[in-house]
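*Asks:* quick one, structure for this:
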Amino acid sequence: MSECLLELRGINKSFGGVNALTNINMKIYPGQVLCLAGENGCGKSTLIKIISGFYTPDGGTIIMDGREYEKMDLREAIKAGIQVVYQDFSIFPNLTVYENIGLNKLLVNRRKLVSRGIMKETAESALNQIGADIPLTAKVEELSVADKQLVAIARAIVNDARILILDEPTSALTNREVKELFKVIESLKEKGIAIVFVSHKLDEIFRICDRVSVLSNGKSVIEDDIGKFDKKKLVYYMTGKEYNDKSLASGMTGTEPIMTVHGLGLKNCFEDINFELYPGEVLGITGLLGSGRTELAQAIYGITPAERGEIQIKGKTVRIKNVQDGLRHKIAYIPEDRLTEGLFLPQSISRNMMISSLWKVSSRGGVMNWKLVENSVKEWVERLKVKTDNPENPVDTLSGGNQQKVVLAKGLATEPAIMILNCPTVGVDIGSKMDISRLMQQVAAQGIGVILISDDSNEILVNCRRFLMIKNGRIQGEYQSEDFTEESLYTELIC
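*Replies:* Numbering: from 1, shown residues only. Coordinates of the predicted model:
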């Protein structure tokens, strides 16, 4: 193994008397991918901001190239070659590709004059280094998520990056785009660049990472070569819980369908959709981004109603033209993007939980029964294991996994007969993912019909006995989970 590029020794950080990091130790080596793993709230984000110079540690030492720092500010970190690509990419959507990449270098070098020719040369060179074919003059806001990410990576390496921190880089990518990203990471490794890869996705961790450093409750748990771990061992170090990838799917609790969909269609989204959902089952619908999976869910719920076809609930044809219709027919929908579609920011946890079921906690005259609200919120916090000191705190103070549990509580509080979950575990940690899987089975066991939409092969196979596959807006067939492995389902999905 080559010499250590960056080492952290005994790093401490607290906010308002609360310890965020305690005695953190970590080593980063050139040409290797280090996975920074741990549940949401374990201190990963704080540690990234210390490494990149955004936060100053309260104690400990940072050693870079053998030189000791008690603290490293943003400029020193950039000068040392430390760059971060965050989940939101932090790029300028209204600027072109070459402006985003080239301006970054000019700003770092404190150039007073701007040369568009030099910026284009800089951008072209950076994109060539990672094998990205993106038009230099394209507006960033017009690019796909995957291309935006490549622009962010190119912008990072243009300043002679030696350590590149990727914060959950695959959370919004399709499987094919993940493969392309991993090719870029491998090429950066070959150039001697160290990668810090932050992810909750076990399969990706084992595919791309050389070493793993696990944090829990702001403390270092273990750091070792990836070959020393398997999934069960890694999950145990991350969560303290046993990992189970065996099927959790339970059987149906009724013989008559709770919902029948026949010939459902919406122009440019999906056509001729037919299926039955039974009480007590978790029915999977799997498809890639853009397959029509989200539009189908939104049509059933009433966000964007279908133009053709029929929906029957408990044998009766229903008209669902808007969300009010969906709620009236006891349908709950958990959207894919919890921040923009599922939560009211920065309203409190309790308000978010109860907003869809105010009729349960108020009189006919609209007067709120605050004691009933308090009791209901307390019940949901305990049942869904939402980690919070106070339900009146803003919901955006929670981790991603706990925010998703609030969205689930909001849906369940409406007492649905049918629940549609659209990619419910995107961007949540492994512990929350396990909790959400168990919750799905508990909900189904109560006789509720659950639809799980996901492109995560493991999630579909673990939670569903049967599933539908959607491609280009059409159902390709109905399948039994027992007939597939993760690999065979993934292959079927992308072919």
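*Asks:* report the distance from stretch 45-55 to the chain centre.
*Replies:* In this view, stretch 45-55 has its centroid 21 Å away from the chain centroid, taken as CA atoms, centre = their mean, to the nearest Å.
*Asks:* what does that stretch rub up against?
*Replies:* If you take CB atoms under 8 Å, 6 or more residues apart in numbering as the criterion, stretch 45-55 is touched by 6, 8, 11, 13, 20-21, 24, 26, 36, 56-57, 62, 72-78, 82-84, 163, 165, 167, 196, 198, 215, 218. Where C-beta positions appear, they are placed from N, C-alpha and C, glycine not excepted.
*Asks:* could you redo the last one with a cut-off of 6 Å?
*Replies:* Residues outside stretch 45-55 that contact it (CB atoms under 6 Å, 6 or more residues apart in numbering) are 13, 20-21, 57, 72-74, 77, 82, 84, 165.
*Asks:* for Thr22, which three-state class applies?
*Replies:* Secondary structure state of Thr22, per DSSP: H, G, I helix; E, B strand; the rest coil, is strand.
*Asks:* I'd like to know how many residues surround the nearest residue to Pro93 once chain neighbours are set aside.
*Replies:* With CB to CB, 6 or more residues apart in numbering as the criterion, Pro93 has its nearest non-adjacent residue at 3.7 Å, and that residue is Glu141. Using other CB atoms under 10 Å, Glu141 has 11 other residues around it.
*Asks:* select from the contacts of stretch 45-55 every entry located in strands.
*Replies:* When the contacts of stretch 45-55 are checked against strands using DSSP state E, the ones located there are 13, 20-21, 82, 84, 165.
*Asks:* tell me which two in the residues you listed are the farthest apart.
*Replies:* In the ones in strands among the contacts of stretch 45-55, two members sit farther apart than any others by CB to CB. They are Ala20 and Ile82, at 19.7 Å.
*Asks:* neighbour count for the two, which is higher?
*Replies:* The residue with more neighbours, out of Ala20 and Ile82, is Ile82; 27 against 21, by other CB under 10 Å.
*Asks:* wait, that one touches Ile165, no?
*Replies:* No: counting by CB atoms under 6 Å, no contact exists between Ile82 and Ile165, whose distance comes to 7.4 Å.
*Asks:* next structured bit after the helix or strand hosting Thr260?
*Replies:* Assigned by DSSP states H and E, Thr260 falls within strand 259-266. The element immediately downstream of strand 259-266 (helix or strand, assigned by DSSP H and E) is strand 270-277.
*Asks:* for that next one, which helices and strands make contact with it?
*Replies:* Taking 3 or more CB pairs under 6 Å, 6 or more residues apart in numbering; DSSP states H and E as contact, the helices and strands that strand 270-277 lies on are strand 259-266.
*Asks:* report the buried residues of the strand it packs on.
*Replies:* For strand 259-266, the neighbour count (16 or more other CB atoms under 10 Å) marks 259-261, 264-266 as buried.
*Asks:* now do stretch 296-309
*Replies:* Residues of stretch 296-309 classed as buried: 296-303, 305-306, 309 (neighbour count, 16+ other CB under 10 Å).
*Asks:* what's the most distant pair in those residues?
*Replies:* Within these, two members stand farthest from each other by CB to CB: Ile303 and Gly309, at 16.1 Å.
*Asks:* what about Pro391, neighbour count?
*Replies:* Counted with other CB under 10 Å, Pro391 comes out at 21.
*Asks:* which residues touch it?
*Replies:* Pro391 is in contact with 349-350, 377, 381, counting by CB under 6 Å, 6+ apart.
*Asks:* those: which two are farthest apart?
*Replies:* Farthest apart among the contacts of Pro391 by CB to CB are Ser350 and Val381. That separation is 8.7 Å.
*Asks:* which one's more surrounded, these two?
*Replies:* Neighbour tally, Ser350 and Val381, criterion other CB under 10 Å: the higher count belongs to Ser350, 24 against 21.
*Asks:* from the chain's centroid, how far away is the helix or strand harbouring that one?
*Replies:* If you go by DSSP H and E, Ser350 is part of helix 349-354. Between the mean C-alpha point of helix 349-354 and the mean C-alpha point of its chain there is a distance of 22 Å (CA atoms, centre = their mean).
*Asks:* for the stretch 301-450 of the chain, what spans make up the helices?
*Replies:* Using DSSP state H, counting those that start in this stretch, the helices found in the stretch 301-450 of the chain span residues 323-328, 349-354, 370-383, 400-412, 430-445.
*Asks:* that should have said the stretch 1-150 of the chain, apologies.
*Replies:* Using DSSP H, counting those that start in this stretch, the helices found in the stretch 1-150 of the chain span residues 44-51, 74-80, 97-108, 116-129, 145-157.
*Asks:* nearest to Gly431, out of these?
*Replies:* With respect to Gly431, and counting by CB to CB, the nearest of these is helix 44-51 at 13.5 Å.
*Asks:* avg pLDDT for the closest one?
*Replies:* For helix 44-51, mean pLDDT is 94.
*Asks:* for stretch 103-117, same thing?
*Replies:* In this model, stretch 103-117 has an average pLDDT of 75.
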